[in-house]
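J.: Predicted model, plus sequence, below.
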Amino acid sequence: MKGQKILFVVLLFLCNSLFSQNNSDSLNIKKIEFLHSFYSEYFIAASQDLPDFSKIDSLQSHYCTTELYNELLYLYNTEEIEADPFLESQDPQKESLKSLRINVDDQDNSLFIITYKVNEQETNLIKLRVIEVAKNNFKISSIISIEN
């Protein structure tokens, strides 16, 4: 009888661990889909001959937390940003979207690593923090390159 109780506790613990891991994986997949949606729209707006700055601003406002959006406005106004912080580039090309990769950081599952090819030799890397502000509603809360 005592052996059955121990086995039950061990099985309960294992099931809880598996459920927790699957839940985390599912959440990360939703966050990756959220980022993919953002980048798909963002690349198109930023890569036009005359970038659509009102669309870029709208996307930043929609996909970012209010705090990050306000910080970006401040940095743009004080000219402390030379390249677009979401693309690490001044002249993005729409074709780069084909090479877009979004992965969860191995050390911190709220951090996402975005990479894309600028050209054959160069790949840009951006790290973003994504938070869940409501059930299945996400926002970009920080860009690591401007955090430092």
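T.: Nice, I can see it. Quick caveat, the model's predicted, so the values are computed rather than measured.
J.: any weak-confidence spans in the protein?
T.: The model of the chain has pLDDT under 70 over residues 1-23, 147-148.
J.: how about the helices in it?
T.: Residue ranges of the helices in the chain, as given by DSSP state H, are 2-46, 53-63, 66-77, 144-147.
J.: and the closest residue to L100 other than its chain neighbours, what is it in contact with?
T.: In space, and not counting its chain neighbours, L100 is closest to Y116: 4.7 Å by Cβ to Cβ, 6 or more residues apart in numbering. Using the backbone N, CA and C atoms, a C-beta is placed for each residue, glycine as well. Residues in contact with Y116 (Cβ atoms under 8 Å, 6 or more residues apart in numbering) are 96-97, 99-101, 123-124.
J.: Give me the neighbour count for E122.
T.: E122 has 9 neighbouring residues, counting by other Cβ atoms under 10 Å.
J.: same check, this time on S47
T.: For S47, using other Cβ under 10 Å, the count is 18.
J.: Quick check, it in contact with K94.
T.: Yes - S47 lies in contact with K94 (Cβ atoms under 8 Å); the separation is 4.2 Å.
J.: from the middle of its chain, how far away would stretch 52-62 be?
T.: Offset of stretch 52-62 from its chain centre (Cα atoms, centre = their mean, to the nearest Å): 16 Å.
J.: Tell me the spacing between the closest residue to I146 other than its chain neighbours and Q60.
T.: In space, and not counting its chain neighbours, I146 is closest to P85: 5.4 Å by Cβ to Cβ, 6+ apart. Distance, P85 to Q60, by Cβ to Cβ, to the nearest Å: 10 Å.
J.: same check, this time on L100
T.: L100 is 18 Å from Q60, by Cβ to Cβ.
J.: and these two? which has more neighbours close in?
T.: Taking other Cβ under 10 Å, L100 and Q60 do not tie; Q60 has more neighbours (20 against 15).
J.: For that one, list the residues it contacts.
T.: Q60 makes contact with 69, 72, 86 under the criterion Cβ under 8 Å, 6+ apart.
J.: in the lengthiest strand in the chain, what counts as buried?
T.: Longest strand in the chain by number of residues (criterion: DSSP state E): strand 123-134. Residues of strand 123-134 classed as buried: 124, 126, 128-130 (neighbour count, 16 or more other Cβ atoms under 10 Å).
J.: Need the residues that contact that strand.
T.: For strand 123-134, the external contacting residues (Cβ under 8 Å, 6+ apart) are 27, 31, 34-35, 65, 85-89, 99, 105, 110-118, 138-145.
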